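Enquirer: Whatever this is, show me its structure:
(one chain, ligands or ions: 1)
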Amino acid sequence: SSLESISKVDVLVVGAGVTGIQQLYRAREAGFSTLALEAGDGVGGVWYWNRYPGARLDSESYTYGYLFSKELFDGWEWAERFAGQPENESYFNYVVDHLDLRRHIKFGTRVTSAVFEEDSATWLVHASDGTVVRSRFLVAATGVLSIPAYPAVPGRESFRGVSHHTGLWPNEPVDFQGKRVAVIGTGSSGVQVIPVVADEVESLTVYQRTPNWCTPLANEPITAEQQMQLKKDFEQMRDILNESASGFLHQRHDRKAFEDNEAERWAHHEKMWNSPGFSKVISNYADTMTDSAANESWCEFMAEKIRSIVKDPATAEKLIPRDHGWAAKRPPFGTDYFEAYNNPKVSLVDLKETPIIRVTETGIETAEGVQEFDIIVWASGFDFGTGALTRMGIRGRNGLALEDYWAEGPRTFLGTMAHDFPNFFFPGGPHGAAGNNPRYAEDQVNFVADAIEYMRAQDCSVIEVPADVEQKWNQMIEELAVHSSFGEHSYFYGANIPGKPRSFLLNPGGRPKLREVMGEVLESKYARFLS
Ligand code: NA7
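Expert: I've put the predicted structure just below:
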């Protein structure tokens, strides 16, 4: 009968990316029956889907990988400070095989609905391939950057050439050799793909809506000596990361911008320009994000850098952001990004002057006419934070749809639970994100694992966050969001998706707040959460 085809598990994990893999591991370690459903045909999540040329970490590789096992850490040597997509994908395959998790993952299986059934206090989950699973606990580890977004321009489907979103890149390599290529978008993905394909193409046309403060990533290989040091310093490194608000090793700078004279200030700007990844945010002048003059000084320095790199003055001016300061949008980090515009094959279209009217069968039409292309690369971003969760058909108590509950923006506790959605967790979700993804996601994974182990020990069947406790977390988000450097025009507010409610999607309290509140719940022995 059809009933017999329903598998039953204690813990169903959706997604085999950075968060889902760890959740699956913890559930198996605790002896729960488990299954993970993964839409892709391989593990790695964003590192599976974003396989476009140039895709690369901008968190230091060794601070991004798992830190819950020294053995796992010692068994892997990162080749580069900021690993590229192939290395990341290999890493997650290494982890899954090392921990013997692969046989618990069902690939090519996208969850289409998940309904909470009151009587049995279980979740009934359906997937695209006909898979049906009943689980006691449902964990959606579906990521914050997993639903690609496209500009609302007509005709995209009519294009007869090759067209790919960076976040849905095909497994087979795309041949750029001698092709006329368009790239739409100049965020983190755009600045990575542009310089890498520029050399191969016949022509590359970049469609830019908002220029970004892109700075050098400062990637380099990790030497044998550094490898040894990393292994030696493992515990110390983990301690620093655990204390860091955003899960990075970078240390805060103790000076404010105008405590230094102009020469000193320029020297610090120069140092920042050349320093790796997010140190440009964390180790910049302490008031860079709070004092507009401090922010402007750094921006003025960066504008000069852009002018000194880009040979054509008109192009340089177009590449300099005018409407937002440093870290008002998520800053991208690149390698030879601005340099790419000195390549005579590369040209820049300013979409504020000439917006895209439509995509045609052969190319892209603006007020200047149609430009023909062989390949269009959509580096146009994602439905951040809530995108995957509101598309999964999640139904809580009394059939309440998660997308309705979140119609005005997400309501969560710890970015991990929602009231009226019992036995449901979404580690790595909205309101949790605060910097280096795996670092806060692991806090959430551990919170979930500890909670369900405790429930088993106490013989409880339902866990649910009380409404007032959820309310308090949301209030914290709202109150602290005003101190975040990210503006309302950033995708952290949902601004890139037409019709999406504007609400802050990160955890502005950072990892310390997350851990503090988790600690309180643990100490109270989940008071008022269990029944
Ligand atoms: P981002 O950072 O959201 O960048 C998307 C880019 O696409 C950005 O330049 C956008 O311009 C542009 N865009 C988006 N919608 C449109 C429309 N309608 N028309 C023209 N241009 C558009 O996504 P990424 O993939 O680069 O990076 C995502 C994350 O991955 C990143 O933050 C890291 O965490 C890794 P806009 O600025 O909106 O004017």
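
Enquirer: State the distance from residue 143 to residue 126.
Expert: 20 Å (Cβ to Cβ, to the nearest Å). Every C-beta, even on glycine, is put in place using the N, C-alpha and C of the backbone.

Enquirer: who's more crowded, the two?
Expert: Higher neighbour count among residue 143 and residue 126: residue 143, with 26 against 16, using other Cβ atoms under 10 Å.

Enquirer: Got the confidence number for that one?
Expert: Turning to residue 143, the model gives it a pLDDT of 97.

Enquirer: need the contact list for it.
Expert: Residues in contact with residue 143 (Cβ atoms under 8 Å, 6 or more residues apart in numbering) are 15, 17, 19, 45, 46, 388, 428.

Enquirer: could I get those residues as JSON lines with distance to residue 243?
Expert: Formatted as JSON lines, these follow (distance: Cβ to Cβ, whole Å):
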{"residue": "15", "distance to residue 243": "28"}
{"residue": "17", "distance to residue 243": "25"}
{"residue": "19", "distance to residue 243": "21"}
{"residue": "45", "distance to residue 243": "26"}
{"residue": "46", "distance to residue 243": "26"}
{"residue": "388", "distance to residue 243": "30"}
{"residue": "428", "distance to residue 243": "21"}
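
Enquirer: Could you dump those into a markdown table and include pLDDT?
Expert: Listed next are the contacts of residue 143 as a markdown table, based on pLDDT from 0 to 100:
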| residue | pLDDT |
| --- | --- |
| 15 | 98 |
| 17 | 98 |
| 19 | 98 |
| 45 | 98 |
| 46 | 98 |
| 388 | 98 |
| 428 | 95 |
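
Enquirer: Tell me the one of those residues nearest residue 80?
Expert: residue 46 (17.4 Å; Cβ to Cβ).

Enquirer: residues near that closest one, how many?
Expert: So residue 46, with other Cβ under 10 Å, has 20 neighbours.

Enquirer: for residue 75, same thing?
Expert: When counting by other Cβ under 10 Å, one arrives at 11 neighbours for residue 75.

Enquirer: Surely it touches residue 98?
Expert: Yes. If you go by Cβ atoms under 8 Å, residue 75 and residue 98 touch, sitting 6.5 Å apart.

Enquirer: Single out the residue in the stretch 1-150 of the chain that lies closest to the ligand.
Expert: Nearest to the ligand in the stretch 1-150 of the chain, going by Cβ to the nearest ligand atom, is residue 145, at a distance of 5.2 Å.

Enquirer: Span of stretch 427-446 from start to end?
Expert: One end of stretch 427-446 to the other measures 9 Å (Cα to Cα, to the nearest Å).

Enquirer: So that stretch, near the ligand or not?
Expert: No. Counting by Cβ under 6 Å from any ligand atom, the ligand has no neighbours in stretch 427-446; the shortest distance is 8.1 Å.

Enquirer: I'd like the next helix or strand past the helix ranked longest in the chain.
Expert: Of all segments of type helix in the chain, defined using DSSP state H, the longest is helix 437-458. Sequence-wise, the next helix or strand downstream of helix 437-458 (DSSP states H and E) is helix 467-481.

Enquirer: what residues does the stretch 301-450 of the chain put near the ligand?
Expert: 330, 351, 379, 380, 381, 382.

Enquirer: Whichever of these end up buried, select them in ChimeraX.
Expert: The buried subset of those, as determined by 16 or more other Cβ atoms under 10 Å, is captured in ChimeraX by this line:
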select :330,351,379,380,381,382
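
Enquirer: Now flag whichever of the residues of the stretch 301-450 of the chain next to the ligand is closest to residue 258.
Expert: The closest of these to residue 258 turns out to be residue 330 (Cβ to Cβ; 26.4 Å).

Enquirer: Make sure that closest one is actually in contact with residue 490.
Expert: Yes. With contacts counted by Cβ under 8 Å, residue 330 reaches residue 490, the gap being 6.6 Å.

Enquirer: ok, and the closest non-adjacent residue to the residue nearest the centre of the chain?
Expert: Nearest residue to the geometric centre of the chain (Cα atoms, centre = their mean): residue 145, 4.7 Å. Leaving aside its sequence neighbours, residue 145 sits nearest to residue 382 (Cβ to Cβ, 6 or more residues apart in numbering; 4.6 Å).

Enquirer: which ones are touching the one you found?
Expert: By Cβ under 8 Å, 6+ apart, the contact list for residue 382 reads 144, 145, 146, 147, 148, 149, 167, 491.

Enquirer: On the pLDDT front, check residue 489 for me.
Expert: Reading off the model, residue 489 has pLDDT 89.

Enquirer: Tell me the secondary structure at the spatially closest residue to it that is not a sequence neighbour.
Expert: With Cβ to Cβ, 6+ apart as the criterion, residue 489 has its nearest non-adjacent residue at 4.9 Å, and that residue is residue 495. Secondary structure state of residue 495, per DSSP: H, G, I helix; E, B strand; the rest coil, is coil.

Enquirer: what helix or strand does residue 207 sit in?
Expert: Here residue 207 is assigned to strand 203-208, by DSSP H and E.

Enquirer: What are the buried residues along that strand?
Expert: Buried residues in strand 203-208 (16+ other Cβ under 10 Å): 203, 204, 205, 206, 207, 208.

Enquirer: just stretch 15-33 next, same as before
Expert: 15-28, 32.

Enquirer: out of these, which are inside helices?
Expert: Among the buried residues of stretch 15-33, the members found in helices (DSSP H) are 18, 19, 20, 21, 22, 23, 24, 25, 26, 27, 28.

Enquirer: okay if I get the residues you listed as TSV plus distance to residue 476?
Expert: Listed next are these as TSV, based on distance: Cβ to Cβ, whole Å:
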residue	distance to residue 476
18	25
19	22
20	26
21	29
22	25
23	24
24	30
25	30
26	26
27	29
28	33
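
Enquirer: Any idea how many residues pack against residue 322?
Expert: Using other Cβ under 10 Å, residue 322 has 11 other residues around it.

Enquirer: Tell me who's in contact with the residue nearest to residue 179 when sequence neighbours are not counted.
Expert: Distances taken as Cβ to Cβ, 6+ apart place residue 374 nearest to residue 179, at 4.2 Å, with adjacent residues excluded. Residue 374 makes contacts with 161, 162, 179, 180, 181, as judged by Cβ under 8 Å, 6+ apart.

Enquirer: need those in CSV with pLDDT and secondary structure, can you?
Expert: Output for the contacts of residue 374, formatted as CSV (pLDDT from 0 to 100; DSSP: H, G, I helix; E, B strand; the rest coil):
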residue, pLDDT, secondary structure
161, 98, coil
162, 98, strand
179, 98, coil
180, 98, strand
181, 99, strand
